[in-house]
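[1] Sequence and predicted structure are below.
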Amino acid sequence: DWSSDVCSAVLIDVFGLVFQVFHAIPAMTSPAGQPTNAVFGFTRDILTILKTKQPTYLVCAMDSPGKGVRDDIYSEYKAHREEMPEELRPQIAVVKQVIEAFGIPAIGQEGWEADDVLATLAKQGRERGLEVVLVTNDKDARQLLTPTTRMYNVRKDSYFDADALLADWGVRPDQVVDFQSLVGDAVDNVPGVPQIGPKTATNLLQQFGTLDEVLKRSDEVTAKKVRENLKTFADQALLSRQLVRLRDDLLLDFHWNSARAGQLDVVRLAELFRECGFRRFIDEIKTFSPTPIDVPSLFADGEPAITVIRNLPEFDQWLAQQAEHRRIAVRVETTGLDALSSQVVALTLATNDRSAAFVSLSPLAGETPLPAHEIVGRLLKHLQRSDSRLVGHDLKPLANSLLSAANDPTLTEVPLDLRSEEHMSELQSH
């Protein structure tokens with residue numbers, strides 16, 4: 001779906017994406033106990049874009065802090081927006097560090113929003129002959145759609161273009177601003193015209209073409225209340241148009257050469273991922289380096305060879321190979337610190353310090369997750385059959401997490417070697 005002979009530019013609405021992943025991904029915490037779910041989701045999406053889309057250019061668009069130009073136009077603009085969640089607030093600084101380490105320019109302009117930055121960059125990209133992809137779900141960005149500019153949803157791997165717009169709103173991209181000026185936007189507190197919803201706005205624009213024509217020829221509108229409101233609230237519709245129309249001519253401090261994709265600082269990213277506990281991302285970023293990179297190990301005693309378990313037979317085979325071992329070191333990765341309320345997303349298992357097995361149990365930890373109840377159930381039954389025990393850190397909470405994941409009433413306890421806690425190092429993050 002990308003033209004191989006045409007360069008592409010992926011433009012990301014940073015805060016839009018951060019809010020999306022924050023609300024989509026369950027709570028996660030770093031080894032230090034800091035919230036990380038938004039950082040995880042944002043990083044995962046950046047890696048997905050780099051791996052699957054291989055863009056020529058990659059740019060992040062940022063909102064400017066404080067009040068902006070639209071607040072001067074309409075004091076109630078975005079008046080109902082909720083405060084940033086407390087769990088998200090400390091993650092913003094880390095997201096910015098991740099962006100910098102990926103070598104992606106983060107572009108903003110005082111007084112303007114990320115959407116205006118996207119509009120300006122999209123126009124510049126088209127003038128350079130680029131295919132432009134906007135990573136945003138903001139409906140305001142629909143006005144930017146052209147034959148070479150589309151919107152993209154990373155997690156759904158789906159595009160939104162002019163055809164999708166026509167199917168959804170029944171208008172063309174050049175009518176989006178007028179459509180929103182009539183309908184308004186409750187999220188941004190754009191007033192619009194009372195009692196004109198999407199269907200009525202579509203009908204009006206299909207009949208008259210533009211907002212100016214709708215207002216000019218409002219006497220021709222048959223529905224009495226709509227006709228009256230178009231006359232009474234004409235100024236409000238024009239005000240709304242000022243609010244929703246994006247600026248595409250900002251004087252940005254930006255050069256396209258700085259946005260060439262793939263300028264990663266692999267060592268810095270590895271440090272950040274280590275601090276956040278994102279062990280799965282370490283190997284992924286190594287593949288972006290043209291030369292071997294010495295990344296500090298996540299393991300205390302050096303880097304063991306990791307076998308990724310991709311299906312249940314492979315896991316059964318791995319367990320069978322451990323039959324002679326009476327102790328299995330385990331690290332359980334969860335979405336939070338509370339063993340009872342957190343979801344188990346991955347297991348790393350080892351019987352020596354030279355090799356380990358990694359099992360993804362959730363899309364949060366890998367692309368092909370296996371059913372947690374099957375994996376944990378088989379592990380616990382293996383321990384019982386072979387009279388083996390688990391070794392590791394924080395074993396009692398770990399046991400509760402495993403029993404919860406197994407969801408099997410016949411499994412009531414986890415064989416643990418509690419004496420091992422002080423000596424466990426094979427899977428320690430720090």
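    Structure received.
[2] mind listing what the nearest residue to Gly170 once chain neighbours are set aside touches?
    Leaving aside its sequence neighbours, Gly170 sits nearest to Thr202 (CB to CB, 6 or more residues apart in numbering; 3.9 Å). Backbone N, C-alpha and C define where each C-beta goes, glycine included. Thr202 makes contacts with 169-171, 179, as judged by CB atoms under 8 Å, 6 or more residues apart in numbering.
[3] just the strands in the chain please.
    Listed in chain order, the strands of the chain (DSSP state E) span 8-13, 57-61, 106-107, 131-135, 149-153, 158-160, 305-309, 327-334, 344-350, 355-360, 389-391.
[4] how about JSON lines for those strands, with mean neighbour count added?
    Listed next are the strands of the chain as JSON lines, based on neighbours: other CB atoms under 10 Å:
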{"stretch": "strand 8-13", "mean neighbour count": "26"}
{"stretch": "strand 57-61", "mean neighbour count": "26"}
{"stretch": "strand 106-107", "mean neighbour count": "19"}
{"stretch": "strand 131-135", "mean neighbour count": "24"}
{"stretch": "strand 149-153", "mean neighbour count": "20"}
{"stretch": "strand 158-160", "mean neighbour count": "15"}
{"stretch": "strand 305-309", "mean neighbour count": "15"}
{"stretch": "strand 327-334", "mean neighbour count": "23"}
{"stretch": "strand 344-350", "mean neighbour count": "23"}
{"stretch": "strand 355-360", "mean neighbour count": "20"}
{"stretch": "strand 389-391", "mean neighbour count": "21"}
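[5] closest one to Ala406 among these?
    For Ala406, the closest of the strands of the chain is strand 344-350, at 9.5 Å, according to CB to CB.
[6] counting contacts, what elements does that closest one pack onto?
    Applying 3 or more CB pairs under 8 Å, 6 or more residues apart in numbering; DSSP states H and E, one finds that strand 344-350 contacts strand 327-334, strand 355-360, helix 372-386, helix 395-406.
[7] mind redoing it with 10 Å?
    Counting contacts by 3 or more CB pairs under 10 Å, 6 or more residues apart in numbering; DSSP states H and E, strand 344-350 packs against helix 279-286, strand 305-309, helix 312-321, strand 327-334, strand 355-360, helix 372-386, helix 395-406.
[8] one step back: just curious, which of the contacts of Thr202 is nearest to Arg268?
    Nearest to Arg268 out of the contacts of Thr202 is Trp169 (CB to CB; 42.9 Å).
[9] so how far is Ile306 from the closest one?
    Trp169 is 48 Å from Ile306, where distance means CB to CB, to the nearest Å.
[10] Repeat that for Ser240.
    55 Å.
[11] and what of Val95?
    According to CB to CB, Val95 stands 27 Å off from Ile306.
[12] Repeat that for Ser181.
    From Ser181 to Ile306 the distance is 55 Å (CB to CB).
[13] Tally up the residues packed near the nearest residue to Arg227 once chain neighbours are set aside, please.
    Leaving aside its sequence neighbours, Arg227 sits nearest to Val221 (CB to CB, 6+ apart; 4.2 Å). By the criterion of other CB atoms under 10 Å, Val221 has 20 neighbours.
[14] so Leu239 makes contact with Tyr74?
    Yes - if you go by CB atoms under 10 Å, Leu239 and Tyr74 touch, sitting 6.2 Å apart.
[15] Report the set of residues contacting both of those two.
    190-191 (CB atoms under 10 Å, 6 or more residues apart in numbering).
[16] Low-confidence stretches in this structure?
    1-6, 289-305, 335-342, 364-367, 393-395, 397-398, 412, 417-430 (pLDDT under 70).
[17] Contact partners for the residue sitting furthest away from the middle of the chain?
    In the chain, counting by CA atoms, centre = their mean, Asp219 sits farthest out from the average C-alpha position, at 47.3 Å. Contacts for Asp219 were tallied using CB under 10 Å, 6+ apart; they are 227, 230-231.
[18] Select only the buried ones of those in ChimeraX?
    This is how ChimeraX selects the buried members of the contacts of Asp219, with burial counted by 16 or more other CB atoms under 10 Å:
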select :230
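[19] Closest to Pro90 out of the contacts of Asp219?
    Nearest member of the contacts of Asp219 to Pro90, counting by CB to CB, is Leu230, at 47.4 Å.
[20] Quick check: closest non-adjacent residue to the closest one.
    In this structure, Leu230 finds its nearest non-sequential neighbour in Ser218, 4.0 Å apart by CB to CB, 6+ apart.
[21] now the one you found: how far from Asp140?
    The gap separating Ser218 from Asp140 is 25 Å, by CB to CB.
[22] and if you look at Phe22?
    For Phe22, the distance to Asp140 - CB to CB - is 20 Å.
[23] The two: who's more crowded?
    The residue with more neighbours, out of Phe22 and Asp140, is Asp140; 24 against 21, by other CB under 10 Å.
[24] measure the closest residue in space to Gln322 that isn't next to it in sequence to Ala399 for me?
    Nearest non-adjacent residue to Gln322, counting by CB to CB, 6+ apart: Thr351, 5.2 Å away. According to CB to CB, Thr351 and Ala399 sit 19 Å apart.
[25] what do you get for Ile46?
    35 Å.
[26] picking that back up, can you report how many residues lie near the residue nearest to Gln322?
    By other CB under 10 Å, the residues close to Thr351 number 20.
[27] Touching, it and His382? I think so.
    No - under the criterion of CB under 10 Å, Thr351 is not in contact with His382, lying 11.8 Å apart.
[28] shared neighbours, these two?
    318, 322, 328, 388.
[29] possible to save those as TSV with distance to Asn153?
    Converted to TSV, those look like this (distance: CB to CB, whole Å):
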residue	distance to Asn153
Trp318	36
Gln322	42
Ile328	40
Ser388	45
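[30] Out of those, which comes closest to Glu86?
    Glu86 has its nearest neighbour among the shared contacts of Thr351 and His382 in Ile328, at 38.2 Å by CB to CB.
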